[in-house]
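> Fold the stuff below for me.
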Amino acid sequence: MKYFVEKKSIVRQIWGKSDTVLFIFAGAAAEFALNKAVDWLYYTGRLPMDPLGRLFSTVSYSKRILFAQYDDALKIIDSITSIHKAVENKRGQTIPDWAYRDVLFMLIHYSIASFETLERKLTLTEKEDVFDVFYRFGKRMNLKGLPGNYTEWLTVRKYDLGHDLVRSNYSVDLYKQYKKHLGRFRYSVLIEGQIIIVPENVRQLLHLRKFSFLKLILPFYKLSRVFKLDGLIKSIILPAKYKEEIKAMDIV
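Residues are numbered from 1 along each chain as shown. Next up is the predicted model:
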């Protein structure tokens, strides 16, 4: 049976654990807020009304693709393309290719950064594997200008981080929505996670400090996984509304 992502792929290890996926979520939440195309996410009204649900939806779609059989994964990607085309037709404008690429590049970056934060350093071959999976994702969406390999991606990613991000009124409002929907304590946890995982210029644009207190707690959290106590910790710090979705993320 052919899968979009082979069972031995490091991508399945990364996306098969809820804690690594939650770090991916945290990083994407930061970068989404700064992207110059974030107005597209505001256009439907879904993002400001339910920012967490919108981000979980993006992560959920990605996860479904990464664990689906090959033909099923292609159908899901095509449905995503179709949904975006419908929004474009309604607005009478086209979402620029660079905006799609930026989201794809977020998934590559935060997949690698999350795993390395919680597990271990990835080898170059494993990083190439991560890149290849999302490269095929982008090719199916007919995105133009995709780099051909991981090394080229590093260069393009650096350029995009310097040109496609800006702190805007959307950024400020989106963080207000994060705080409103998460509450003070969980919002603080989100910020601490973002400090660890976002690139330097993202941290600067969001006015985040350099040191995260979460770094002091991570060794104890990793130890808690050995004794199967991490589920209890996540149940305390995560919104009850999304507990079932988060629990379902644990595949590996």
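> List the residues that contact residue 196.
The contact partners of residue 196, taken as CB atoms under 8 Å, 6 or more residues apart in numbering, are 23, 117, 212, 214, 215. Yep, even glycine has a C-beta here, placed from its N, CA and C like the rest.
> Mind checking which of those are in helices?
23, 117, 214, 215 (DSSP state H).
> Let me have the residues you listed in CSV, extended by pLDDT.
As requested, the ones in helices among the contacts of residue 196 are exported to CSV (pLDDT from 0 to 100):
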residue, pLDDT
23, 90
117, 94
214, 88
215, 91
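> Looking at those residues, spot the one nearest residue 4.
residue 23 (22.3 Å; CB to CB).
> surely that closest one meets residue 118?
Yes - assessed by CB atoms under 8 Å, residue 23 is found in contact with residue 118 at 6.7 Å.
> host element of residue 210?
According to DSSP states H and E, residue 210 maps onto no helix or strand at all.
> Mean pLDDT per helix and strand in the chain: which one sits at the bottom?
Within the chain, no helix or strand scores below helix 230-237, which has a mean of 62 by mean pLDDT, DSSP states H and E.
> Just want to know which of residue 23 and residue 118 has more residues nearby.
More crowded of residue 23 and residue 118, by other CB atoms under 10 Å: residue 23, with 24 against 19.
> Now the more buried one. Nearest residue, chain neighbours left out?
Spatial nearest neighbour of residue 23, chain neighbours left out: residue 114 (3.7 Å); criterion: CB to CB, 6 or more residues apart in numbering.
> That neighbour and residue 27 touch, don't they?
Yes - between residue 114 and residue 27 a contact is recorded at 7.2 Å, counting by CB under 8 Å.
> which residues do those two both contact?
residue 197.
> hey, where'd the strands end up in the stretch 151-252 of the chain?
Per DSSP state E, counting those that start in this stretch, the stretch 151-252 of the chain carries no strands over any range.
> where does it have low pLDDT?
Scanning the stretch 151-252 of the chain for pLDDT under 70 picks out the ranges 226-252.
> buried stuff in the helix or strand hosting residue 108?
Element membership of residue 108 [criterion: DSSP H and E] is helix 97-118. For helix 97-118, the neighbour count (16 or more other CB atoms under 10 Å) marks 98-118 as buried.
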